[in-house]
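**Student:** Model the structure of this input:
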Amino acid sequence: MLLTPHSQAAHSPADRRPAPHTQNPPGPASGGPGPRTRHRRTATALLASAVSVCLLAASAPAVPLGIGDRLFPHLGNPGYDVASYDVALSYPGTNDKPLQAVTTIDARTTAELERINLDFAHGTVRSVEVDGAPATFTSAGEDLVITPEDAPEEGEWTRITVRHTSDPVAAEGRDGGWVRTADGLAMANQADAAHLVFPCNDHPSDKAMFTFRITAPEGHTAVANGLRAGVERSRGTATWTYRTAHPMATELAQVSIGRSTVLYGTGPHGLPLRDVVPTKHRAKLEPWLAKTPGQISWMEAKIGRYPFETYGLLMADATTGFQLETQTLSLFERELFTDPAYPKWYVESIMVHELAHQWFGNSVSPRTWSDLWLNEGHATWYEALHAEEKAGKPLTARMKAAYEASDSWRAAGGPPAAPKAPDPGQKISIFRPNVYGGAALVLYALRQEIGRSAFERLERRWVTDHRDGTATTADFVRLASEVAGRDLTGFMNGWLYGAKTPPMPGHPDWTPTLRTAQATPSGVPGEAQEHAAR
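**Tutor:** Numbering: from 1, shown residues only. Take a look at the predicted model:
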C-alpha cells in the first residue's frame, strides 16, 4: 500500500446504513479435496496450537481467536492451514446492496478441532456446511465460530462452505474491504479487511490458491486476481471465473466489477498483461498503460523474472487515499493519472512501487505484520531507484533527507521492524513513514555496508529463495549475513530496532535533525512531497 497525498474521502451517512438483502445465493463452489467420511467423536479438550493459542472445547463459550500477531492479535486462526478458496459472488447491479456469496475453503488441520474459527465480520451468514454436513455457527467478535457435526482430527482435509452476504456499504468505524467506485466495486483488503468481504483465515502467513466466480448483470465487467478461466452468459447476466496460479495472501485479493474496459497486451517474454479502466476514461488512461512492459523489464534486470502469471493495473474511479499492490492486478486511483498536479516521473515511480510489491510482499509475503518493512521498504527502494535512473532524481539526496527525518519517524511510528500498533479504529495507520522511507533507508545503509555487488546478489537471492512463501526479518538478516560472508546481526539490529538512527556508513556528516516526517529531497513538487519521502 502506498498512501497518496490527498486525504481519503469520508463516507457519507448513507454509506453506513444497513442495506437490504437481495437475490438468492449463487450455487456451491467446486474443486479441491472432497468431503471426508469419519465416525463422529465426542468433544474433548484440545491441545495448544503451534502459536500457543488454546483451541476451546465445544462446551465452552465461543470466543474470537487469533494467531497472536503483535500488531493484529486477533487476525488469523490456529488449527488449520488453508489450501484454497473458492469465492462466488453475485452482484445485484448496484453497489449499495449486499452481494450474495458462497465461500468454500479447503484446509488441512494442524490440530484437533472441535470448533473452526474463521475471520468474518461484515455480512449475514445463511448457512455453513463442513464436509457436506450442516454445521452450527455463531459469531464472536470478528470471528465466525463453526461447530461441525464431525470434528476433524489433526492432519485431515476438511471443506468448509459458507453461504453469506458481502456488504459493500462500509462497516461503522472500519476501513477497507469493498471500495465503492463510480461504476461498481473494487477491493482494498490491506491490512485486516478481507474478512469484511468473505470468510477467511485473514493473515498473510496463511497463503492459498484462489478461484473467483463473479456473476453480474450484462453491461458490467468483472476481473479478479489471476487469469480468466471462462465467461458464461445466461438470461441477462454473465459469470466470470478467474484463478490464481500462485498462492496469495487474503489481503491481496482483488475483484473489480463495473462498466469497465479490459485492455490486453504482452509484456517481456510473452507475459500476459491485462488492465482494467473505466470505459469513459479509456483515452486518457491508455497511454500510461504502455509504460508497464518497460517497467517490468527494468525490475527484472534488477532482481529477476516477474514471479506471477500476469500483471496489470486496475485504475478505479474512486478516491481512496492510497494505491495497493493487489496480486497481479494493482489497484490505483484513476486521479493519479489524470490530475496534472502529479509530474510524469512521480506517477511512473509510483507505478514501479506497486509493481515492485509483486516480488516484495506478494510473492515473498511477511510472516507477521511487524515484517511489513520488508514489503514497503523494498517497494520504496525501487521506486527511488527508478526515479534516479529514469528521471535524474538523486537517490543519495533522497536518502539524506530520509536520514534527517528518521529519528522523528522512529519516535512517531517505532523502528522499521518494530512498528507501533495501529491507532484505534484506524488499522491502516501502521503504514507510517518509518516503514516506507525509514525502511528504504535501512536498505541504503546495508548497501553502504556490504557494497553494491553483494547487495544486488542479496536482493536476487531473497526473492528466489522465498518465492511463493512467507519470510521474516530474521530470515532477511540471516541471508544478508550469508551473502556478505560475515555476521550482520549487530549492524542490522541497530537499523531495524533502534530508537535512534545509527550512523550512516560512508556519510559521517549525515545527522538526524528531528525534522518532521514531511522532510523530502528537493524537487518533489507541491502536495506530493510527503508522499515521495515515504
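
**Student:** can you pull the pLDDT of residue 174?
**Tutor:** For residue 174, the pLDDT comes out at 80.

**Student:** Next up, the contacts around residue 75.
**Tutor:** Contacts for residue 75 (C-beta atoms under 8 Å, 6 or more residues apart in numbering) come out as 66-67, 69, 119, 192, 202-203, 369. For glycine as for every other residue, the C-beta is placed from the backbone atoms N, C-alpha and C.

**Student:** Hmm, I typed the wrong one, I wanted residue 236.
**Tutor:** By C-beta under 8 Å, 6+ apart, the neighbours of residue 236 are 217-218.

**Student:** Kindly provide the distance from it to residue 225.
**Tutor:** For residue 236, the distance to residue 225 (C-beta to C-beta, to the nearest Å) stands at 26 Å.

**Student:** do residue 450 as well
**Tutor:** Taking C-beta to C-beta as the measure, residue 450 falls 36 Å from residue 225.

**Student:** just to revisit the earlier point, put together TSV for the contacts of residue 75, with secondary structure on each row.
**Tutor:** Below are these laid out as TSV (DSSP: H, G, I helix; E, B strand; the rest coil):
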residue	secondary structure
66	coil
67	coil
69	coil
119	strand
192	coil
202	coil
203	coil
369	helix
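
**Student:** Beyond the host helix or strand of residue 438, next helix or strand please.
**Tutor:** For residue 438, the host element (DSSP states H and E) is helix 437-450. Going down the chain from helix 437-450, the next helix or strand is helix 452-465, by DSSP H and E.

**Student:** What are the contacting residues of that following helix?
**Tutor:** 302-304, 307, 359-360, 363-364, 378, 443, 446-447, 450, 471, 476, 479-480, 483-484.

**Student:** And stretch 93-106, what's buried?
**Tutor:** 93, 95, 97-106 (16 or more other C-beta atoms under 10 Å).

**Student:** Which of the residues you listed sits closest to residue 249?
**Tutor:** residue 105 (14.6 Å; C-beta to C-beta).

**Student:** Just confirm that closest one is within a strand.
**Tutor:** Yes - under three-state DSSP, residue 105 sits within a strand.

**Student:** For it, list each beta-bridge partner.
**Tutor:** Listed beta-bridge partners, residue 105: residue 85, residue 160 (assigned using DSSP bridges).

**Student:** any low-confidence regions in the protein?
**Tutor:** For the chain, the stretches with pLDDT under 70 are 4-59, 514-534.

**Student:** Which parts of it are helices?
**Tutor:** 282-289, 292-303, 335-338, 344-357, 372-391, 395-413, 437-450, 452-465, 473-484, 489-497, 528-533 (DSSP state H).

**Student:** Mind listing residues that contact the third one?
**Tutor:** In this case it means helix 335-338. By C-beta under 8 Å, 6+ apart, the list of residues contacting helix 335-338 from outside reads 4, 281, 284-285, 288, 315, 319, 323, 342, 347, 350.

**Student:** Now do the same contact list for the nearest residue to residue 273 once chain neighbours are set aside.
**Tutor:** Closest residue in space to residue 273, ignoring its immediate chain neighbours: residue 265 at 4.1 Å, by C-beta to C-beta, 6 or more residues apart in numbering. By C-beta under 8 Å, 6+ apart, the contact list for residue 265 reads 273-275, 289, 292-293.

**Student:** about what we covered before: out of the contacts of helix 452-465, which end up buried?
**Tutor:** Members of the contacts of helix 452-465 classed as buried by 16+ other C-beta under 10 Å are 302-303, 307, 359-360, 363-364, 378, 443, 446-447, 450, 471, 476, 479-480, 483-484.

**Student:** I figured residue 111 hits residue 79, correct?
**Tutor:** Yes - using C-beta atoms under 8 Å, residue 111 is in contact with residue 79, at 4.4 Å.

**Student:** Neighbour count for the two, which is higher?
**Tutor:** residue 79 (26 against 19; other C-beta atoms under 10 Å).

**Student:** No more questions from me, cheers.
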